[in-house]
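Chemist: Quick one: sequence plus predicted model below, questions after.
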Amino acid sequence: MSGKTETISVANKKTKVVHAIIYVFLTLLALIYLLPLVWVVITSLKDDKVLMKSPWALPARPMFENYTFAWTAGNLGRATLNSFIVCTITLVVSMFVGALAAFAIAKLRFKLAKLTLTYFMIGMMIPVHCVLIPLFIQFSKAHLSNNLLGLIIPYVTFSLPITIYIMVGFFESIPNELFESAVIDGCSIYRMFGTIGLPLAKTGFMVTGLMSFVSNWNELLLAMVFISKEEFKTLPVSLTKFVGPYNTNYCQMFAAIMIAVIPTIVVYCCFANQIVEGLTAGAVKG
């Protein structure tokens, strides 16, 4: 009996040591990710002269006017509104169309389901650089350049493949018996999608929605190529104003970067639990 007790005690000690090592590792990992963000915040409250002399020192007097200058000189208010409009419309359209396509591929039994999924997956393999020039030529002819619609269309197009891919996994995890019972009760396909599919796959919507919003919020290349008028520029494009060919105001640029980063941080903090739940659920499917 005493031997078993000693064995359990040794096992408990080993478990505690392993847990301690894991916690230390995770703490170090969190610091590695947080320190750059903390440094950007500190730098945004400095003057360029102080930054060049002592990059790691705390500011003697926090210069909150850097944020005021960045907001006004960079026209970040209008740029933030443009980014919000583009990302919100892209999010709604890509998730609605992607959910419809994913539901059809996962639950409607037709011969070309796998081929259709493969067709959408090809879109994930095409870099945006390959289609940049053709898109610019076609959008110029269609008068879609210098127009927010000219950003929404490619954003939706490049958001759909990953949205469909993830949502197919979530819809496939829903038992077919639920849909068969609904059919017996006289439920239509559209009603099954709205009353059964969407509620049970809401975690997948959280994951795909966040990925779509963050990636489009930070997108720079398409926005720089398609938008040249000041009133239609998005937030990432407006940040480039602080970088000049001969001089760069780093502290004010970091203040503008913090303004641009805050929305994504807020979104992550608000939906962290749902995101982790969705990624964990997606990892054990199929």
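Modeler: Perfect, thanks for sending it.

Chemist: which ones are touching Phe84?
Modeler: Taking Cβ atoms under 8 Å, 6 or more residues apart in numbering as the criterion, Phe84 is in contact with Pro263. (Each C-beta comes from the backbone N, C-alpha and C, glycine too.)

Chemist: so how far is Pro154 from it?
Modeler: Phe84 is 18 Å from Pro154, where distance means Cβ to Cβ, to the nearest Å.

Chemist: next one: Thr208
Modeler: Taken as Cβ to Cβ, the span from Thr208 to Pro154 is 18 Å.

Chemist: Between those two, which is the more surrounded one?
Modeler: A direct count of neighbours by other Cβ atoms under 10 Å for Thr208 and Pro154 places Thr208 higher, at 27 against 20.

Chemist: pretty sure that one is touching Met95, no?
Modeler: Yes - using Cβ atoms under 8 Å as the test, Thr208 is close enough to Met95 to be in contact (6.4 Å).

Chemist: overlap in contacts of these two?
Modeler: Where contact means Cβ under 8 Å, 6+ apart, the residues bridging Thr208 and Met95 through contact with each are Thr163.

Chemist: What is the longest helix seen in the chain packed up against?
Modeler: In the chain, taking DSSP state H as the definition, the longest helix is helix 2-43. The elements that helix 2-43 packs onto, with contact taken as 3 or more Cβ pairs under 8 Å, 6 or more residues apart in numbering; DSSP states H and E, are helix 250-270.

Chemist: hmm, try it at 10 Å
Modeler: Secondary structure elements in contact with helix 2-43, counted by 3 or more Cβ pairs under 10 Å, 6 or more residues apart in numbering; DSSP states H and E, are helix 48-53, helix 250-270.
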